[in-house]
Structure formats: structure tokens, C-alpha cells
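Student: Let me see the structure of the following:
(one chain, ligands or ions: 1)
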Amino acid sequence: MAAESKSPCHHPSNIENVDLQNLRWVLQGNVAVLTGNPFDPVVQDQYDKVASVVDEDCIWLGPGLQLLLDHVLAVSQEGKIVWLAPARDSQSVLQSAQQLQNCHFIRLESTLEFLCPGMIDLHIHAPQFSYTGTATDLPLTGPDGWLETYTFPAERRLKNNLPLARRVYQCVVQTTLENGTTTAVYFGTLHLKPNQILVDVCLEYGQRALVGKVCMDRNAPHDYVQTLEENIEETRELIHYIEHHPQNSNPLVLPLITPRFIPTCSPELLTALGDIAAEHPNCHITSHISESIDEVAWSKHLDEQDHGIMDRTDAAMFHSHKLLTDRCIMAHGVHLSDADADILMEQGTAVAHCPLSNFFFAGGVFPCRRMMQRGNKVGLGTDVAGGYSPSMLQAARTTVVASQSLQAMHTQMEQQPTTNDTTESILDYRHAFYLATLGGAEALGLQHQIGNLQVGMSFDAFILSAKGKSNITVFPDFDSLADVFQKLLVLGDDRNISHVFVKGREVKRQFQVTSCSP
Ligand SMILES: Nc1nc2[nH]cnc2c(=O)[nH]1
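Tutor: Just a heads-up that it's a prediction; the model follows:
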């Protein structure tokens, strides 16, 4: 029997396909789901057609975003979503939940709680967590810049202090999990051992992650640089470590090829990393692209020295080394030209928009909405520690602020009063929620597995709750459900994230974190 649903937007679950003896979690309440990219014309068309149709099972919040009301979601012992349907059609699932010993039932408070797809941080530097919240006073590059002053020393010191590496990595993994990040794309350090520890910690704590050995063979301190051969050998070793890790057989952690950025990688190193990517077509790639005015100028200057080529952009250089693929996520992209954006789109390469750190380093604002509208893949990154917050909710709201500031700049430059026309080009909390979830999954090419809550997908999720003490006050006499959801996204923090699950494993509440003492 298929559960009937009046909503044309979510697929009915089929009870015949559900092994009712094999359930691990059954949750009942409101569920936030995405139907696609809000700028996809098909998604917009669907919204125009169905959003105004009365449906007691769902509220549309905007193109691509729905709240499913009083639904039941069931998860198998293996951590897959096997059922999602209105509660009134879910009797047999609810009965099983009561009878099975090793199945846990959670009922969400109907006016205050929402089950949401886990958030995906597309760009975070795990070793930099040790100085997050400091180092907010310098430009990115230059002899006395942020990288030289804070970053390289903090990364280098983990090489000979593996207990410290473990402690820093436990803290970053735990903190991001507590903030609802179920998948993180981590830059590690230059050295193999600390990177292996980062992989171990992700597996231990149950965070889905991509982990990369940072590569640099020039323009880095003499004590924090490797030869071309060392970079290549350790990149290969880390890929092998991840792919053959005994606790990673049904992989939770994936490998990542990670040139730091053009200025610290010789053309030979970039070519060799492109070769590794070609040998491992499923392996993801990440780097920084067109992040700041100084970085762009420095890359061009080096290219002129290396090749005598004038004015080539980061995108053209990465492309020439075969490093732009549909498994590649490039961070920042604030200064990408339209031609660069075309190259990225043709190659299926995504941009990790890091709005918070861009305010500090970029000297510009990433035109996120324009990139989404032209069809480029985009998701969000916290960019710890260039971005001072490890919270993806914070990254989502800073996305909205960045979009507002871009709009304000245009208005100011054109000396025009703000009109309804101009406000149409901003992003709001709903777009940001897509970017933090499904957008990130699409950027990674993992949208069939994570980034949404649908039957067949992995149960990577969190419960967003206005129940406890936090900054959020709900006024039940006039706040609608959509208002409560918006308040949670715009004002929420880790106190509002009561449970976190990755692949069906409950990963929040397992550890009491307050300090990172040894
Ligand atoms: N934001 C940021 N940009 C970079 N460019 C090269 N390295 C880094 C880094 O660690 N953070």
C-alpha cells in the first residue's frame, strides 16, 4: 500500500519496501525538505503551480522549500531513510517503533521543532580551529599577512605534537557536529600524520568528511613547505589511508586533492596533482580561487614569471592543470570573471561561498545570487579560521548579509533610491538554507545521498528546536510555523540544535564538550 499524499511534491513511501523489523529511528513531527535549487526554472514552475493549492500536509516557504507537517520519518539500522509520509498514513511504522527494542522513537514538538537535513560545510581548515576568534586584524597575504603570521605557525606546530593535533581535531569535529554540520570539507596540514589523525577523529566521532593534505612547494616558510616529491607522495599516502581505513569500509570519510592555492604551488606540482586526480576520477579536489585582490595579482605575476603568460586567471590556470572537474569545490571565487564562471560551469566545478571570511580578506563580495541564477553550482563554507564562526547557521545568515551589502553597494554607486526592483536581487534565509544543505550536496555530487530528507538517502539530519533557553522567543498567539522556522534559522545557535544524526548514528549528546583540555 502506498501512503496517499495530496502534495504532488513529495513521493509517497511504499510500505511493502520497508523492513519493519529493521528500524533504528522513527521520528514524528514537522520535516523541512527541499525540492531543488530555488533558481531552477522547473522548481520555480512547480512552486507557481502547487504552492497555492490547499494542502493540509505541507506548507511551502518558497520555491524549493517545504515544511512537511506531522510526518513520520523512519530510518533503518543501516542509517538509511526508509519511510517518509504523513503520520495518519504511518500506523504500521509507528506500531513497529513501539514494539521493537532497538528502535528509538522521537516525537517533535509540533509548534517548536523541525527535523532538517544536515548542513554541509564546503570549506573549513581543521587545524585553524585552534585560533578561531582571534587573528581578525591582517590581510590574507604579504610578508606580515595573516597566512605568515597566524596560519602557517598554527598548522606547522601539529607536525611534532600529535597529541595537540588530536585535541584540536576533536574540538573542531565535535563543535561543528554540535552546530549541525554533518558533512565537512576539511583542509588539513602539510604533514601526513596529523592528517591521518583528522581522518581517525572524523570516523570516531561519526562526522562525514572529506579530508585533504594541503600541498605547498613554494612561497611558504622554509620550515613549513615540502618538495614536489614529498607533496605527491604524502597526497597519495593519505588517499590510500582513507580508502583502506578499516573503519571506513562503507566510506564516511572521502579523500581530497588539495593544492593550497596557486601562489604556493609550482606549475609542476599542479600538473602532478592533476595527474593524481585523473588516476582517481572519484576523488574530490579543492583549493582557493580568486579570493582576494592581492592573491589574484600574485597568481598572475607568478604565471608571467613561470610561463611568460600575461593576465591568466586562477580558473584558467587550474583548468590548464586539469584540476577543475565535477568533483571539485573551489573556495571564494569573489573575483571570478564571467569567462571564469563559464569554465567552472562547463567543468561542473562548484564554488564554496565563504561570506564571513570574504568580508575580511576579499576586497569584494561574491555575487552569489547571480552565480546561482546563471547555473553555477554553489554551496557554503565557514572558512574557519578566516571566518571566525564554525557555525553553518552563521554562514547562512552571513550569506544574506553579504547579499544585502552587495545590493546596497550597487544602489549607492548608482545613486539610486532602493526600489522593489533592486531588492529582488538579494538572497534571503530560504536561499541560504538551500545553500547550506542541498546546494552543498550538489556541489559535492552527493545529492542522492545527503543534503535532503528523502526515502533512500542517508539519515544525515538535525533537530532544530525553539524549546529550550536560547535567543529565540516564540509568541504562540501570533507566530506562524513559518515564523518559528525563520526565527530558528536567523537567530539560532547550537542551543537550538538538540539532536544531530549522521548515517543514522546520533552524534550529538554523546560527548559533553565545554573545553578542549588534554
Ligand atoms: N581564507 C584562506 N585563504 C587562503 N588562501 C591560501 N590559504 C588560505 C587559508 O588558509 N585561508
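Student: What about residue 314, how many residues nearby?
Tutor: 26 (other Cβ atoms under 10 Å). Using the backbone N, CA and C atoms, a C-beta is placed for each residue, glycine as well.
Student: wait, residue 66
Tutor: 23.
Student: Apart from its chain neighbours, what residue comes closest to it?
Tutor: residue 58 (5.0 Å; Cβ to Cβ, 6 or more residues apart in numbering).
Student: any idea how far that neighbour is from residue 88?
Tutor: Distance from residue 58 to residue 88, counting by Cβ to Cβ, to the nearest Å: 14 Å.
Student: Tell me which helix or strand comes right after the helix or strand where residue 464 lies.
Tutor: Assigning secondary structure by DSSP states H and E places residue 464 in strand 461-465. Downstream of strand 461-465, the next assigned helix or strand under DSSP H and E is helix 481-491.
Student: residues making contact with that following helix?
Tutor: 30, 32, 59, 61, 67, 69, 111-112, 114, 393, 396-397, 429, 432-433, 464-466, 470-472, 474, 479, 496 (Cβ atoms under 8 Å, 6 or more residues apart in numbering).
Student: mean confidence score for the helix or strand hosting residue 124?
Tutor: Per DSSP H and E, residue 124 falls inside strand 119-125. Strand 119-125 carries an average pLDDT of 99.
Student: before we move on, the earlier item: residue 58 and residue 88: which is more packed in?
Tutor: Taking neighbours as other Cβ under 10 Å, residue 58 and residue 88 compare with residue 58 leading, 23 against 13.
Student: residues in the stretch 101-250 of the chain within reach of the ligand, list them.
Tutor: 125, 140, 147, 151 (Cβ under 6 Å from any ligand atom).
Student: what number of residues lie near residue 308?
Tutor: 7.
Student: how far away is the residue of the chain positioned farthest from its centre from the ligand?
Tutor: In terms of distance from the mean C-alpha position of the chain, residue 308 ranks first, at 37.5 Å (Cα atoms, centre = their mean). For residue 308, the distance to the ligand equals 25 Å [Cβ to the nearest ligand atom, to the nearest Å].
Student: Residue 499 now?
Tutor: Taking Cβ to the nearest ligand atom, one finds residue 499 at 31 Å from the ligand.
Student: host element of that residue?
Tutor: strand 497-502.
Student: Mind listing residues that contact that strand?
Tutor: Looking at what lies outside strand 497-502 - Cβ under 8 Å, 6+ apart - the contacts are 25, 75, 79, 106, 113, 118, 177-180, 182-183, 206-208, 252, 458-465, 467-468, 506-509.
Student: what's the spacing between that strand and its chain's center?
Tutor: Relative to its parent chain, strand 497-502 has a centroid offset of 16 Å by Cα atoms, centre = their mean, to the nearest Å.
Student: Okay, now the sheet partners of that strand, with direction.
Tutor: strand 461-465 (antiparallel), strand 505-506 (antiparallel) (DSSP bridges).
Student: which residues sit in contact with the closest residue in space to residue 280 that isn't next to it in sequence?
Tutor: Nearest non-adjacent residue to residue 280, counting by Cβ to Cβ, 6+ apart: residue 239, 6.5 Å away. Contacts for residue 239 (Cβ under 8 Å, 6+ apart) come out as 255, 257, 276, 280, 283.
Student: Get me the contact residues on the stretch 251-400 of the chain for the ligand.
Tutor: 260-261, 288, 291, 357, 361, 383, 386.
Student: Include neighbour count and pLDDT when you put those residues into a markdown table, please.
Tutor: A markdown table is the format used below for these (neighbours: other Cβ atoms under 10 Å; pLDDT from 0 to 100):
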| residue | neighbour count | pLDDT |
| --- | --- | --- |
| 260 | 22 | 98 |
| 261 | 26 | 98 |
| 288 | 26 | 98 |
| 291 | 30 | 98 |
| 357 | 28 | 98 |
| 361 | 25 | 98 |
| 383 | 30 | 98 |
| 386 | 31 | 98 |
